[in-house]
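Participant: Quick one: sequence plus predicted model below, questions after.
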Amino acid sequence: MDDAVFRTPDERFAALPDFPWEPRYEDVGGLRLARIDEGDGGPIVLFHGEPTWSLLYRKVIPPLLEAGHRVIAPDMAGFGRSDKPTDLAWYSYDRHVELLTELLVDRLDLRDATFVVQDWGGPIGLRIATQHPDRVARLVVMDTGLFTGRQPMSEAWHKFRDFVERTEDLPVGFLVRGGCAADPGDAVIAGYDAPFPTPESKAGARAFPLMLPITPDAPGAATGQATLEALPDLDVQVLLLWADGDPIIPVAVGEKLAERAGWPAPEIVQGASHFLQEDAGDRIGRRIADWIAATA
């Protein structure tokens, strides 16, 4: 393994709460990428964002499995059980899209998939969907947006970005806790901290806010704009679920995205903040399962 890549020791994941599934691994682009991959039915791909990993979906997964679906929850490079390049400059929007495209399209050969996206999982998952429309049948879009360099960012996000930029040893669990309406408890927060035992292991978690384009000429802005413009032509079923109390990506962002893409307005998830999978995961899982059944 490259010296510039950190691999979190397995023992760090020995006591994860309510997360019984064993990881599967695939070597992609010179990195070992981890994923949860359970069930045998129609595939549902759960895209996490910043600074979380597939643990975020532990409450969403059981209702989907009970409904007879195959559930795939990848850990992006730099997160969870996946390998973590230690150079901040390694990380880019293009690179994350390329790695997950190779995993989901080239290796797993998914078809008629449902993509569930949240936070940075949105720009990545939606771009894969627009570039491979023959592979995707449905989108579930939650508390996310497409970054074109023209999008307004909240004051909370700017404060977060400034904090990340000056903090090498990022307190990942603390950040996740701050993005939940209800405190998930110390054991869960320890699970979010588990992938990141050293400052160097946190390069990916630090990179995401810093690589978000805030001007139209920034890297990733043009591809974000192209993805946004491609959404209305995407022939898929769409469900938007949005937390009622997200200070980072508020409901107004979801309403504007829906209007721009020609999608139905967001359904509001009550009693939830940015990490709505923590606050309302079981409700979200059951809603997605019911919606898929109704649109089959």
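Facilitator: Structure received.
Participant: helices or strands up against the helix or strand of the chain with the lowest mean pLDDT?
Facilitator: Among the helices and strands of the chain, helix 155-166 carries the lowest confidence by mean pLDDT, DSSP states H and E, at a mean of 86. Under the contact criterion of 3 or more Cβ pairs under 8 Å, 6 or more residues apart in numbering; DSSP states H and E, helix 155-166 touches helix 203-211. Any C-beta I mention is one placed from the backbone N, CA and C, and that applies to glycine too.
Participant: got the contact list for the helix it packs on?
Facilitator: Outside helix 203-211, the residues that touch it by Cβ atoms under 8 Å, 6 or more residues apart in numbering are 49-51, 76-79, 84-88, 90-93, 120, 157, 160-161, 164-165, 167-168, 170, 172, 196, 219-220.
Participant: Give me the subset of the residues you listed that lies in strands.
Facilitator: 84-85 (DSSP state E).
Participant: which of the contacts of helix 203-211 count as buried?
Facilitator: 49-51, 76-79, 84-86, 90-91, 93, 120, 157, 160-161, 164, 170, 172, 196, 220 (16 or more other Cβ atoms under 10 Å).
Participant: For the stretch 51-200 of the chain, which segments count as helices?
Facilitator: 61-66, 93-101, 121-131, 155-166, 172-178, 186-193 (DSSP state H, counting those that start in this stretch).
Participant: how close does the nearest residue to Arg111 once chain neighbours are set aside get to Gly220?
Facilitator: Nearest non-adjacent residue to Arg111, counting by Cβ to Cβ, 6 or more residues apart in numbering: Arg135, 5.6 Å away. Arg135 is 22 Å from Gly220, where distance means Cβ to Cβ, to the nearest Å.
Participant: Give me the contacts around the least confident helix or strand of the chain.
Facilitator: By Cβ under 8 Å, 6+ apart, helix 155-166 touches 153, 170, 175, 205-206, 209-210, 212, 247-249.
Participant: okay, the angle between that helix and helix 203-211?
Facilitator: Put simply, helix 155-166 runs at 130 degrees to helix 203-211, going by axes from the mean of the first three to the mean of the last three Cα atoms, to 10 degrees.
Participant: how about the CA coordinates for helix 155-166, as PDB?
Facilitator: Only the C-alpha atoms of helix 155-166 are listed here, as PDB (Å, rounded to 0.1, in the frame of the first residue of the first chain):
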ATOM      1  CA  GLU A 155     -23.500  31.600   6.900                       C
ATOM      2  CA  ALA A 156     -23.400  28.300   8.800                       C
ATOM      3  CA  TRP A 157     -21.600  26.700   5.900                       C
ATOM      4  CA  HIS A 158     -19.000  29.500   5.600                       C
ATOM      5  CA  LYS A 159     -18.300  29.200   9.300                       C
ATOM      6  CA  PHE A 160     -17.900  25.400   8.800                       C
ATOM      7  CA  ARG A 161     -15.500  25.900   5.900                       C
ATOM      8  CA  ASP A 162     -13.400  28.400   7.800                       C
ATOM      9  CA  PHE A 163     -13.200  26.000  10.700                       C
ATOM     10  CA  VAL A 164     -12.200  23.100   8.500                       C
ATOM     11  CA  GLU A 165      -9.500  25.100   6.700                       C
ATOM     12  CA  ARG A 166      -7.700  26.000   9.900                       C
END
